[in-house]
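Sequence and computational prediction follow.
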Amino acid sequence: MNTNDVHRLSISGVTVAHGAEVVVKRATLTVRAGEMVALVGPSGSGKSTLLGAIAGFYPVQAGAIWVGEELVASPTLSLPPERRRIGVVFQSHALWPQWMVVDNVAYPLRRRGMARPAARREAEMMLAAIGMDAFAARYPSELSGGQRQRVGLARALAARPDLYLFDEPTASLDPANREAFMQEVRERIRTTQAGALYVSHQADEALSLAHRVAVMMQGEILQVGAPAEVYECPRTAEIARLLGPAACATGVVHAVDARGWARVQIADSEQTIRLSSLHREVDHGRVSLMMRPEWCELTDDEASLPCRVVRVQYVGHRTLYELESLAGRLLASHTGPPQYQEGERVGWKVRRASVLER
């Protein structure tokens, strides 16, 4: 059997409630061996609750959860967390302050019955593997936030699980530590062929880290796909804006060829646009379009749509413009510093767009 065909996690129709409030609704998702799946969504969408149900912290009211081939949760079954072969890395580190680093990392090994000396030796090996062996005899209060987070990762690695759960682990890290942590996670998943479900509120992190992205809103998983797929062809405007800057407008398709190039009327401007859609064939008539700023440009071309610049945002490597037009709020960007100022009149053209579901 190909290792990549093995499911480390299978969730089928899972519903989780806190009292009378249903927080997760009929969630279905798989994670394969060696795969990192990012779970993204706005605050309160149910991401952490779903992670907690997988880990064994919350019961499920419907559906089933398998870790590997073992059923670990259903309405009539709930294996305790320590029997689920899952490593969990929290945003808050969750280290015991009264224990030295090496003892924090050795804890899951001791829980599995390993003798204290052997557990400490194994923990020291795990710390050395992530460059933290020099801190083995320190206490958590003597470490930086990034160092504590790496200790949390070492503790999860020590358990040698088939599945890792990450609950916004980089939220408190600076950019350098964040990138180092993510690189370590990528390498461990690749070498161990474990699976990982990674909850993140940062779209750029999810898109750059994961093999697939699952988008969750109001308790439901609405779209699952490769990062480029969900970024370039989101199902809805809400998903589009969750994953990055996006403008939406209504267009009228007058003609479309076999390669996806179309003549599209947007307000009083007719433009030739490359259209994409995961959900249906693009036909003539009214469509809802999603456009990323990097797909658009400002120009004095006669075919462009007249706009007024209402906001200019320079972020070092590019400039993002927010525009006011007859088609509503639009966006455009280009590499480098600003070339236009707020209040200027400009023309707007789009090279490509994604057709949203109706």
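Great, that's in hand. Fair warning: this is a prediction, and the values are worked out from it, not measured in the lab. Numbers count the residues shown, from 1 in each chain.

Show me this structure divided up by domain.
Per the record, the chain has its domains at 3-236, 245-355, by automatic domain parsing.

Pick out the shakiest of the ones you listed, pLDDT-wise.
Note on the domains of the chain: domain 3-236 shows the lowest mean pLDDT, a mean of 89.

hang on, isn't residue 325 packed against residue 310?
No - contact criterion C-beta atoms under 8 Å: residue 325 and residue 310 do not qualify, at 9.9 Å. Every C-beta, even on glycine, is put in place using the N, C-alpha and C of the backbone.

Who has more neighbours out of those two?
Neighbours were counted for residue 325 and for residue 310 using other C-beta atoms under 10 Å; residue 325 has more, 20 against 14.

Return the backbone torsion pair for that one.
Backbone geometry at residue 325, expressed as degrees, to the nearest 10, gives phi -150, psi 170.

hmm, back to that, can you say which of the domains of the chain is packed in most?
Mean neighbours per residue, mean count of other C-beta atoms under 10 Å, is largest over those for domain 3-236, with a mean of 19.

who's in contact with residue 85?
67-68, 159, 161-163 (C-beta atoms under 8 Å, 6 or more residues apart in numbering).

Dump those residues into TSV; add secondary structure and distance to residue 294 as well.
Output for the contacts of residue 85, formatted as TSV (DSSP: H, G, I helix; E, B strand; the rest coil; distance: C-beta to C-beta, whole Å):
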residue	secondary structure	distance to residue 294
67	strand	40
68	coil	41
159	coil	42
161	coil	39
162	coil	39
163	strand	35
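
biggest separation within those residues, which pair?
Maximum pairwise distance among the contacts of residue 85 (C-beta to C-beta): 14.4 Å, between 68 and 159.

mind listing the strands for the stretch 1-150 of the chain?
With DSSP state E, counting those that start in this stretch as the criterion, the stretch 1-150 of the chain has strands at 7-18, 21-32, 36-40, 62-67, 70-74, 77-78, 86-90.

what does the stretch 201-350 of the chain give?
212-217, 220-225, 247-256, 261-266, 269-276, 285-291, 296-299, 305-314, 318-325, 328-335, 345-350.

Quick one: list the elements packing against the third one.
When you say that, I think you mean strand 247-256. strand 261-266, strand 269-276, strand 285-291, strand 328-335 (3 or more C-beta pairs under 8 Å, 6 or more residues apart in numbering; DSSP states H and E).

Could you list the paired strands of the shortest one along with their orientation?
Based on DSSP bridges, the strands next to strand 261-266 in the sheet, each with its direction, are strand 247-256 (antiparallel), strand 269-276 (antiparallel).

Correct me if wrong: residue 333 contacts residue 318.
Yes - if you go by C-beta under 8 Å, residue 333 and residue 318 touch, sitting 5.3 Å apart.

so what's in contact with these two at the same time?
Joint contacts of residue 333 and residue 318 (C-beta under 8 Å, 6+ apart) are residue 294.

How about the residue in the protein that sits furthest from its center?
Relative to the centre of the chain, and counting by C-alpha atoms, centre = their mean, the farthest-placed residue is residue 302 at 40.0 Å.

if we can go back for a sec, as CSV, the strands of the stretch 1-150 of the chain with distance to residue 260 would be great.
Listed next are the strands of the stretch 1-150 of the chain as CSV, based on distance: least, C-beta to C-beta, whole Å:
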stretch, distance to residue 260
strand 7-18, 34
strand 21-32, 30
strand 36-40, 27
strand 62-67, 38
strand 70-74, 43
strand 77-78, 48
strand 86-90, 42
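
what residue is smack in the middle of the chain?
Nearest to the mean C-alpha position of the chain, by C-alpha atoms, centre = their mean, lies residue 206 at 3.2 Å.

does the spatially closest residue to it that is not a sequence neighbour have beta-bridge partners, and which?
Leaving aside its sequence neighbours, residue 206 sits nearest to residue 38 (C-beta to C-beta, 6 or more residues apart in numbering; 3.6 Å). Per DSSP bridges, the residues bridged to residue 38 are residue 198, residue 213.

so residue 38 sits right up against residue 215, yeah?
No - using C-beta under 8 Å, residue 38 makes no contact with residue 215, being 9.4 Å away.

ok, back up a step: and the strands paired with strand 261-266 as JSON lines, adding distance to residue 24?
Listed next are the strands paired with strand 261-266 as JSON lines, based on distance: least, C-beta to C-beta, whole Å:
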{"stretch": "strand 247-256", "distance to residue 24": "28"}
{"stretch": "strand 269-276", "distance to residue 24": "31"}
